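Q: model the following, please.
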Amino acid sequence: MANYTAADIKALRERTGAGMMDVKKALDEANGDAEKAIEIIRIKGLKGATKREGRSTAEGLVAAKVNGGVGVMIEVNCETDFVAKADKFIQLADKVLNVAVESGAADLDTLLATEVDGKPLSEVVVEEGAVLGEKVVVRRISRVEGTTVDAYLHKTSKDLPAQVGVLFAVDGEGEAASTAAHDIAVHVAAMAPNYLTREDVPAELVESERRIAEETAKAEGKPEAALSKIVEGRVTGFYKGEVLVDQAFAKDSKKTVAQVLEEAGVKATAVTRFRVGN
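A: The predicted structure is shown next:
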């Protein structure tokens, strides 16, 4: 009988994120030697990497770091929530984030091409995925710069790493600016605006909303003389749902986000929101 215990199986699963049967088989083959078992899991995982190419990676985490006036955020995906909360996966995400910060990469291709210990980060991710026994991908990166940048990470489940992340930047500094930036970052996580300002909304989308509003009003039998006012009112409602500065502030719905920024004496300059799988 192989020289290992149930505690050894548990410890190796926590270290690798591999399935129980894979861990037991590796320990059997390694005669209980944990380090050799990890090597076996890794080798077998790399052989199976091509088989995992078509698998869905809808789980994972978001990680972020702010250094001075620069915020960096990444999303790393895997196949199951079991792996998403494994120490090995979280450590890999931390490594990816550190590479993103140190390299100054602003796009995914540049990040994945960055060398880590003599090999591209993309290869490191594949190798670590082999150990974990799942397809692992770095899905996206965002780099935000501003006078004050806040990073907010939100857990949608207490058992999992952060699934939602926000980077939000303003053009001022000091306590008021920092407080406003953080509160609005939390707001963005909850309210998921698609645009920072009205100017960021594509003109064709606004025209489409205006046309739909007009056709809807006519179908409802609204008087012709009132159509213009009704349409503009509904377009304004669209902005309140989609545009950050037009939204009612989550902490105090009597104010808009624009008013919160004005009270803090700052303007919003950038925002990014990631949600795992979306």
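Q: for the chain, what helix or strand is lowest in average pLDDT?
A: Taking mean pLDDT, DSSP states H and E as the measure, the chain has helix 34-47 as its least confident helix or strand, at a mean of 72.
Q: and the helix or strand that comes right after that one, which strands flank it?
A: Counting by DSSP states H and E, the next helix or strand C-terminal to helix 34-47 is strand 59-67. When pairs are called by DSSP bridges, strand 59-67 turns out to pair with strand 70-78 (antiparallel).
Q: CA atoms of the partner strand as CSV?
A: Extracted in CSV, the C-alpha atoms of strand 70-78 (Å, rounded to 0.1, in the frame of the first residue of the first chain):
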residue,chain,number,x,y,z
VAL,A,70,-1.8,53.7,-11.9
GLY,A,71,-4.3,50.9,-11.4
VAL,A,72,-4.0,47.5,-13.0
MET,A,73,-6.7,44.9,-13.1
ILE,A,74,-6.8,41.4,-14.6
GLU,A,75,-9.3,38.6,-15.1
VAL,A,76,-8.1,35.0,-15.0
ASN,A,77,-10.5,32.2,-15.9
CYS,A,78,-10.8,28.5,-15.2
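Q: phi first, then psi, for Phe238.
A: Note on Phe238: backbone dihedrals following degrees, to the nearest 10 are phi -60, psi -50.
Q: per-residue confidence at it?
A: pLDDT, Phe238: 93.
Q: just the element for the residue nearest to it when sequence neighbours are not counted, please.
A: In space, and not counting its chain neighbours, Phe238 is closest to Glu209: 4.8 Å by C-beta to C-beta, 6 or more residues apart in numbering. Where you see a C-beta, it was placed from the backbone N, CA and C, and this is true even at glycine. Per DSSP H and E, Glu209 falls inside helix 203-219.
Q: how about that helix: buried residues?
A: If you call a residue buried by 16 or more other C-beta atoms under 10 Å, then helix 203-219 has these buried ones: 209, 213-214, 217.
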